[in-house]
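Undergrad: just coords:
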């Protein structure tokens, strides 16, 4: 919802600014209005083809139904224009329902031919009905406004509203059923999806959007004829979503800018070369953006365009935060750490893409009036403000942790590990069983390791160049973290991790295997796990529980993968209860 709000805010600001910039240029504003009108029609087609997988070559017919219906409602029946436009969309959706029935038995090429025939029939029918102007069409249609800027704002407002509606539907059960049908009707049926109902609803929504677009077209141009909504227009709509991006909210707008906007731009001065230029551009876009312009822009945004910002952020963040803690040289690395209080040592070890900052909210253990604690949180090598090393192995991190504890002269500390840090603590407890007095494993992997599916690695690669994806990932694993400032700080720290480690850490966790090797540790073990954890399963937790001699489990019902940032009070309460029992 937050990303949609941001997108709509940016869209509104850019759209209004463009309108103000060309306020006194009526022709350009008229072009912008046409781009938005066809963006709406393309958005409707994207619901049918991009989200539901039903190919249509006749969607321009829905535009014609909407255009003629709204014109008659306004000029012949005197219905107010806003109501007439909605009624026109509704009438088009009824025709969408009718043409949708053949889709229950047809698919692919046969469905495409059926929709194309429907479009041709509608065009020919309108052309021979005198009441609708026949071949001459209808002129002097009532406009949205005599001011092109106001007309542009009206169309832009409708486009924005439909974008919001489409986004909400896309993430609803209806949208889910559409995507299930697109990806495989047989599997969709096995999951209980009524494929017929899904197809018909997609046709109706697509037709409704087409009808709205047609009505807006009539009231912005002021003149319509059957030929304006022929086969070539349907092919234009199909090209828009193919070029812009199938299944993309912004795909229709991007495709409309190319198909409609550039056609107006090149229409002056290029004459007979217009078709050649447009065709060449289409070939170029198809070759270099095979999944659509919006997909290409999105991938480049995540792969390349954020890199300068991330580099600047790293530079200033390191300079600003290095003095907030301490540095200690260990082997070929410099380890950054922060500490608080005095007394019994408690060492906190963060997880993958983490840093000492993950423990900031829980390092103050002064709530225990009977005992005092010295809490220490470090950045492991390759993480945060610590110096990178060449290895990303779990055992290597455990060796650095042992050396770190020795250099600080910590006697029998309690060691708390989160996620990958929990694996580090497991390694340490197996190979140095006399070092910790007790250990706490927070949402840690199974002693048998954690396998990352191969298809996840391309996305993981994007994390190191896309702060936006990283933030979304952290928000997903910690659903209870509602503080945006803390989430931003954790995201910035995550981007400080050594680039090679983004993919090496999952591989290291796959190789990690301490099954049958943890019985040598005789100290007490507390295992914390959130039921909403999307990474660690209950089976993994049970495997860990069985591998230790003196392990106990605490389960949090409404917590995800990171209780110390999702509910710090709950974490501290559980930790202090455990510390008192040692």
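TA: Alright, I've got the coordinates. Please read all numbers here as calculations on a predicted model, not as lab measurements.

Undergrad: and the helices in the stretch 401-550 of the chain?
TA: Counting by DSSP state H, counting those that start in this stretch, the stretch 401-550 of the chain has helices at residues 420-431, 457-463, 467-477, 484-494, 501-511, 538-547.

Undergrad: compute the inter-axis angle for the longest one and helix 501-511.
TA: Read it as helix 420-431. Using axes from the mean of the first three to the mean of the last three CA atoms, to 10 degrees, the inter-axis angle of helix 420-431 relative to helix 501-511 is 40 degrees.

Undergrad: show me this protein divided up by domain.
TA: Using automatic domain parsing, the domain parsing of the chain gives 2-230, 321-581.

Undergrad: I'd like these laid out as a markdown table, including mean pLDDT.
TA: Below are the domains of the chain laid out as a markdown table (pLDDT from 0 to 100):
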| stretch | mean pLDDT |
| --- | --- |
| domain 2-230 | 91 |
| domain 321-581 | 94 |
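
Undergrad: now tabulate those in a markdown table and tack on mean neighbour count and distance to residue 299.
TA: Using the backbone N, CA and C atoms, a C-beta is placed for each residue, glycine as well. Formatted as a markdown table, the domains of the chain follow (neighbours: other CB atoms under 10 Å; distance: least, CB to CB, whole Å):
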| stretch | mean neighbour count | distance to residue 299 |
| --- | --- | --- |
| domain 2-230 | 20 | 17 |
| domain 321-581 | 19 | 8 |
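
Undergrad: kindly reformat those as a markdown table containing distance to residue 301.
TA: Putting those into a markdown table (distance: least, CB to CB, whole Å) gives the following:
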| stretch | distance to residue 301 |
| --- | --- |
| domain 2-230 | 13 |
| domain 321-581 | 7 |
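
Undergrad: now residue 529: closest residue in space that isn't a chain neighbour?
TA: residue 541 (4.8 Å; CB to CB, 6 or more residues apart in numbering).

Undergrad: which residues touch that neighbour?
TA: Residues near residue 541 by CB atoms under 8 Å, 6 or more residues apart in numbering: 446, 527, 529, 553.

Undergrad: go again with 7 Å.
TA: Applying CB atoms under 7 Å, 6 or more residues apart in numbering to residue 541 gives the contacts 527, 529, 553.

Undergrad: select, out of the domains of the chain, the one closest to residue 261.
TA: Closest to residue 261 of these is domain 2-230 (CB to CB; 5.1 Å).

Undergrad: now do the closest one: distance to the chain's middle.
TA: Taking CA atoms, centre = their mean, to the nearest Å, one finds domain 2-230 lying 26 Å from the centre of the chain it belongs to.

Undergrad: what packs against whichever strand or helix holds residue 63?
TA: Assessed by DSSP states H and E, residue 63 sits inside helix 60-75. When contacts are defined as 3 or more CB pairs under 7 Å, 6 or more residues apart in numbering; DSSP states H and E, helix 60-75 packs onto helix 81-100, helix 109-127, helix 195-221, helix 231-244.

Undergrad: now these in CSV, with distance to residue 517?
TA: Shown next, in CSV, are the helices and strands packed on helix 60-75 (distance: least, CB to CB, whole Å):
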stretch, distance to residue 517
helix 81-100, 61
helix 109-127, 59
helix 195-221, 51
helix 231-244, 55
